[in-house]
Structures are given as structure tokens and as C-alpha cells.
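J.: when you get a sec, could you give me coordinates for this:
(chains A and B)
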Amino acid sequence: MNKNQVVQVLEKIATYLELQGANSFKISAYRKAAAALENDARSMEEIEDVTALKGIGKGTAAVITELLEHGKSTELEQLQAEVPAGLPPLLKIPGLGGKKIAKLYAELGIDSAEALKKAAEEGKVQQLAGFAKKTEEKILKELETFGKRSETHPVWQLEQVVADIDAILATIEAIECFSVAGSYRRVKESSKDVDYMIASTAALAVKEALLEKVTYAEIVAAGDTKISFILPGEEGPSIDFRIVTPQEYATALHHFTGSKEHNVRLRQIAKDRGEKISEYGVEQQDGSVLTFESEEAFFNHFDLPFMPPTVRAGNAEFERYAEIPKLVTEADIRSDLHMHTTWSDGAHTVEEMGRALMAKGYEYAVITDHSQYLKVANGLTPERLAKQREEILRFNHANPTFNLLRGTEMDILPDGSLDFSDDVLKELDFVIASIHSSFAQPQEQIMERLHNALKNPYVHMIAHPTGRVIHQRDGYNPDMVQLLAWAKKYNKIVELNANPYRLDLCVAHLEMAAEAGVPVAINTDAHAIEQLRYMTIGTKYAQKAWLHKDMIVNTWSFEKFMDFLHTR
DNA sequence: GCCGTTTTCGGCCCGACTGTTTTCAGTCG
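T.: So this is what the prediction gives:
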């Protein structure tokens, strides 16, 4: 039984305990034990003594041992015998928790969504103590969409939502400052909802402006300081706005950015010092409350450096904080090495892209249109590629402070051959190789294709090395250990494709690349000027793998980058 | 259930909102 399965059993036990109305600390003890396993980088076999992990004690260790030795849990089986299988899914209905569901089961024998619907329609639910008409109506309403609404929303969906909401909030005068918070700010690959923190001295005016300007499908809550909507569309995510005073803003933003585990760790640190953290500030022993100008000042108060939201997982950031100043940030980025123009499937010309890159403050960049194989993307033949050269030279001539390089995103064909001959490749400054076809091949064949590209002396980088699309497809499943070993051997770059649909390599693979000493490039793969903004999310994502700026080739100066290309 | 300890039991992060009840429980993040 592997770690994922063990974690799932522990979480299942917690869920069943919840439905039995068990002690809430006991429930969270099981969840903490699951999290402790999950947050440990080692496999189940590599962990000698699970009780050495903080959060795992005698009880949960016994469950784990039984699972490993016998593949089952008596504890879980016992609970499953007592709690009907139809109850756990009901926890997903907003407004219903363990206690209410337990009551519905105990008093009305409700053990499924269907039974709940029937009882609510018959008006039986509102007769229970603690329930009433509104609760019953809400249950019926939630049951309509029950099981249909997706639980989490991929980062590529939310990236657009956040861009839109940012634009709206910027127009509301009563708002002094605002920021997205929650798991989106920590750049999780998917989030349940979107959280915003707003600083204002006129909460009511902000509330009214939000109700007026944000297009929503439904109002979930509308209190004095918390407004919550479900956004339109079949998969519309929910979005929460919290309004605090400017003094409270820094601590509130920190609190609502999480993660929960990070907050717990920090609150413990505060408690040990006789202080108490809440979203409104840090309460001192004399009852006074300290507030902070910024999150930096808040962390400094606890003698900690500013921890970027992306590393706030509740573990490594408290052990590895000396490394934080070395982590890559968007300010370190000097170029973008992967983008498309109207020559292939991009929306803007070489000239337009070049100007946008200069406006971003970059020193250099590479135009990398698709190669001829990719006909759907209007891939370039060697002849058109040669013609594009003139346009790029013209741009450089007109803009001597910038270096626009000539490149290609060349397909690695299904048979393993490369789309351009060496004679074509050697004329280019920068060559990307990537797979866009025949994802379903066996791994050996995929690896052979990648090997062919990696050992070619004119290839510099493998783009989106797994081909995954978050929540949509897994990609072509390369052997990452082997791929990185070859990249190291042939001195190639692997990409972190910053397009929020991809984020490829993923965090775990990026950690492997760092470990193997393979340089990484963070690129937007922009198909339009607006998509150059993906560098923001790309650099933040890289922080999650604790990538230092010196591992990222596009933080290097133009001279250092060119040296790397020429001396490989 | 876990942890820590002034070592064997008390505390476990903390607050907003809703719906219910009339001072609070449950849910949520």
C-alpha cells in the first residue's frame, strides 16, 4: 500500500468520525496525521518510524502499520459498518456539516442525497430542532446542482477571473488597496474558490460597489465585511471579498492567504512568545493589538524574513528560510525564450512582440515560431524561417538597446526525427524542441524521441517536457529521471512553461531538475502580447520548487546567456 | 487523537456569517 492510499484512508476515517459527531480535535488529529505523511518527501518504504513525524502518535501509527502489513484498517471497517455509505457525499452540500447530517440520519433515517431530497420536499426537514424553513429551502436548492458543480477550478480558469476582478477593483474609489489571497495567491494548480482582501475605511461603499460592478450568478453571503458570490457560467467559481481597515490589511491578507498549516505554525510561534495572532493584528499580553504596514513588517516582528505566499505550506518555509533571498522573483527576469508571432499561430507581429518585450524591461528574447510539421499552427518551412530573419534583423537595427534572437519551436516528429535539418538549425540563435503529436506512444518510444532531440548539438531546450494540460490531460509521461540525466549530460535546458494551462514542468519535476543540476528557463510561450503576463505566475510557480535565481537561465545577462549557448 | 509537560491531563488558531433562537450552534475558511 503506497503513501497516497494510506493518506486517503486516514482522511476517510476523519470524514466518518465527523459524521459520527466525534470530538473535533480527534477528527483533525487524523487529518493532521494524513498531512504529516503527505508533506514528507519520502516514500512509505523510506520512512522508518512514522511516529517520529509530528502529528502521528500511537493511534494513527497503529492504523498506518495495519494498512502496511494487512492492507486494511479495522478502524475504518468499523466506522463503515456504523455509518451508511451515502452520508459522506452529503458533506459536499454547502451548509451541511457532520453534525447536521448525523442529525438528519438519526432522526429521519436520511442516508443519501435522494432520501434528503424526498424528506425536504415533504417538509420533514424543517420540523427538526436546529433546522427551519430557510435551511430546508437552501438544501433543496443546493441539491439541484449537487454533484454537477466541479469542486475545484484549475489555475488557468482562475487566472482570467483574477485578471478581470483586479481590473474592476482598481476602479472602485473607496478601495485603498486590494489583493487576491487564498490558495490562488499561493499559486496552487487548482482552487476551490477565489479570495480577495480589500482595505477600505468605507466598507459599506465597497460592498455596494461590488454588488453593482461584479457580474455574479448568485449572492452566497453579504455581511458587513464579507461578501461572497458565485460567478456566472456552468463552472462558475465562488469568490469571497473581505473588507478590513487599512491598519488591519497586512495581517488580514496574511491570514487569508494561508495555508492553514502555515498559519497554525506561525500562531504557535506567536503563542510561545505570549502573543496571539488574529486576522486583525497581533495581540500583546497587555491586550493591546499591534498592526503592521506590510506583510514584511509582520514577518519581521517574529524575526522571520518575508515568506512569499508560494512557499507558505507550513513546513519547509520555517526550516529553509535562509534560502528565501535566493529564490527567483519576477524582478530577476531579463528575457523570455519562447513565443509565437503571426508568422505561425501568434496574434501579433515580430515588431509588436518586440516592442511589448522592451516595454516589460527585458534585455533580450527569442522569437520561436512553430516548425513546418505543425500545419494547424501554420508552422514555418525553412524558406519562411529564412525570410523571418530579415524582419528580426530589421527590428534589432531599429532598436539597438535590445537583442531579439532568432529561434524556432521545432517539432520532434512521431518517428523520432527532427523537423529541421542541422543545416537549418545551425543558422538559428536558439532552438527549442518539443512534442506536439502521438502522445499515446509507449514510454520507450517517447523517450527515444526526446533522446534524439537532446543529443542534437543544435538543440538548446526541451519545451513543456511532459505535455500535460492541468485538469485536462496528463501528457506523454516521459521518464523524468532519464530525461534530466540526458539534459545534464548534453548540457540542455528544460522549460518551465508558464502558460497557466501547462505549468510544465510541475513542482515535483522542477525539484528533480534542481537536484540534478539541470538549468531551467521560465517562458510564457505567449501567442499574443497579453500572454507575456504569464511570466508572473511562472516565476511564482518556480518558487514553489525552491528554485534559486541562478538556476534560471533567463535571469542571466545577455552576455552570460550567449556564453552558455556557445560554450556547451 | 496528539502533544507537551511545572509528566498524565488540558489544550488543541480564530473569527464571520447564517439561521436559529432570544444567546448560540453549526459551518466555513
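J.: give me the pLDDT for A:Val469.
T.: Note on A:Val469: pLDDT of 92.
J.: list the contacts of A:Ala521.
T.: A:337-338, A:461, A:493-496, A:552-554 (Cβ atoms under 8 Å, 6 or more residues apart in numbering). (Glycine included, C-beta is placed from N, CA and C.)
J.: so when I look at A:Glu530, I'm seeing a helix, right?
T.: Yes: secondary structure assignment places A:Glu530 in a helix (DSSP: H, G, I helix; E, B strand; the rest coil).
J.: could you count how many residues lie near it?
T.: 12 (other Cβ atoms under 10 Å).
J.: and the pLDDT for it?
T.: On the pLDDT scale, A:Glu530 gets 93.
J.: ok, now how distant is it from DNA strand B?
T.: Separation of A:Glu530 from DNA strand B (Cβ to the nearest atom of the strand, to the nearest Å): 29 Å.
J.: now for the contacts of A:Ala521: which two are most distant?
T.: Pairwise distances across those peak at 13.5 Å for A:His338 and A:Ile552 (criterion: Cβ to Cβ).
J.: compare neighbour counts for those two and give me the winner.
T.: Between A:His338 and A:Ile552, counted using other Cβ under 10 Å, A:His338 has the larger neighbour count: 27 against 22.
J.: in contact with the more buried one, which residues are there?
T.: For A:His338, the contacting residues are A:366, A:368, A:409, A:432, A:461, A:463, A:495, A:497, A:521, A:523-526, by Cβ under 8 Å, 6+ apart.
J.: not counting its neighbours along the chain, what's nearest it?
T.: A:Asn523 (3.6 Å; Cβ to Cβ, 6 or more residues apart in numbering).
J.: tell me what that neighbour is bridged to.
T.: For A:Asn523, the residues forming beta bridges with it (DSSP bridges) are A:Asn497.
J.: wait, it sits on A:Val494?
T.: No: using Cβ atoms under 8 Å, A:Asn523 is not in contact with A:Val494, being 10.9 Å away.
J.: more neighbours, those two?
T.: Neighbours around A:Asn523 and A:Val494, counted as other Cβ under 10 Å, are more numerous at A:Asn523. The numbers are 30 against 27.
J.: let me see the contact set for that one.
T.: Here A:Asn523 is in contact with A:336-339, A:463, A:495-498, A:538, A:554 (Cβ under 8 Å, 6+ apart).
J.: out of the residues you listed, the closest to DNA strand B would be?
T.: Ranked by distance to DNA strand B (Cβ to the nearest atom of the strand), the contacts of A:Asn523 are led by A:Gly538 at 25.3 Å.
J.: could you find the closest non-adjacent residue to the residue in the stretch 451-568 of chain A that DNA strand B sits nearest to?
T.: Distances between the stretch 451-568 of chain A and DNA strand B by Cβ to the nearest atom of the strand are smallest at A:His471, namely 19.1 Å. Distances taken as Cβ to Cβ, 6+ apart place A:Pro154 nearest to A:His471, at 4.2 Å, with adjacent residues excluded.
J.: shouldn't the one you found be in contact with A:Ser190?
T.: Yes: if you go by Cβ under 8 Å, A:Pro154 and A:Ser190 touch, sitting 4.9 Å apart.
J.: neighbour-wise, which of the two wins?
T.: A:Pro154 (20 against 17).
J.: intersection of neighbour lists for A:Pro154 and A:Ser190?
T.: Between them, A:Pro154 and A:Ser190 share these contacting residues under Cβ under 8 Å, 6+ apart: A:470-471.
J.: going toward the C-terminus from the strand or helix carrying A:Gln543, what's the next helix or strand?
T.: Assessed by DSSP states H and E, A:Gln543 sits inside helix A:534-544. The helix or strand immediately downstream of helix A:534-544 is helix A:558-566, counting by DSSP H and E.
J.: could you give me the average pLDDT of that next one?
T.: 95.
J.: what residues does it touch?
T.: Under Cβ under 8 Å, 6+ apart, the answer for helix A:558-566 is A:334-335, A:363-364, A:403, A:429-430, A:460, A:519, A:553-554, A:556.
J.: scan the residues you listed and report the most crowded one.
T.: Top of the contacts of helix A:558-566 by neighbour number is A:Asn554, holding 27 neighbours under the definition other Cβ under 10 Å.
J.: who touches that residue in this structure?
T.: By Cβ under 8 Å, 6+ apart, the contact list for A:Asn554 reads A:333-337, A:521-523, A:561.
J.: try 10 Å this time
T.: The contact partners of A:Asn554, by Cβ atoms under 10 Å, 6 or more residues apart in numbering, come to A:328, A:332-338, A:362-366, A:493, A:519-523, A:535, A:538-539, A:561.
J.: got it, and A:Ala36?
T.: With contact taken as Cβ under 10 Å, 6+ apart, A:Ala36 is in contact with A:7, A:10, A:50, A:53-56, A:60, A:261, A:315.
J.: of those, list those near DNA strand B.
T.: A:53-56, A:60 (Cβ under 7 Å from any atom of the strand).
J.: could you list the buried residues of stretch A:361-372?
T.: A:362-372 (16 or more other Cβ atoms under 10 Å).
J.: quick revisit: so of the contacts of helix A:558-566, which ones are in helices?
T.: Using DSSP state H, the subset of the contacts of helix A:558-566 located in helices is empty.
J.: mind telling me the two of the residues you listed farthest from one another?
T.: The most widely separated members of the contacts of helix A:558-566, counting by Cβ to Cβ, are A:Asn403 and A:Pro519 (19.2 Å).
J.: show me what A:Asp195 bridges to in the sheet.
T.: Under the criterion DSSP bridges, A:Asp195 forms beta bridges with A:Asp240.
J.: go ahead and confirm it touches A:Arg242.
T.: Yes: using Cβ atoms under 10 Å, A:Asp195 makes contact with A:Arg242 at a distance of 7.2 Å.
J.: need the overlap of contacts for those two.
T.: A:181, A:228, A:253, A:256.
J.: ok, the first one to DNA strand B distance?
T.: By that I understand A:Ala181. 8 Å.
J.: look up how far DNA strand B lies from A:His262.
T.: Note on A:His262: its distance to DNA strand B, by Cβ to the nearest atom of the strand, is 11 Å.
J.: circling back to that earlier point, reformat the ones next to DNA strand B among the contacts of A:Ala36 as JSON lines; add secondary structure and pLDDT.
T.: Output for these, formatted as JSON lines (DSSP: H, G, I helix; E, B strand; the rest coil; pLDDT from 0 to 100):
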{"residue": "A:Leu53", "secondary structure": "coil", "pLDDT": "87"}
{"residue": "A:Lys54", "secondary structure": "coil", "pLDDT": "85"}
{"residue": "A:Gly55", "secondary structure": "coil", "pLDDT": "87"}
{"residue": "A:Ile56", "secondary structure": "coil", "pLDDT": "90"}
{"residue": "A:Thr60", "secondary structure": "helix", "pLDDT": "92"}
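J.: and the residues you listed, which is closest to DNA strand B?
T.: A:Thr60 (3.4 Å).
J.: strands along the stretch 201-350 of chain A, start to end?
T.: With DSSP state E, counting those that start in this stretch, the ranges of strands along the stretch 201-350 of chain A come out as A:218-222, A:226-230, A:238-244, A:276-278, A:281-283, A:289-290, A:335-336.
J.: of those, which stretch is the most buried?
T.: strand A:335-336 (a mean of 26; mean count of other Cβ atoms under 10 Å).
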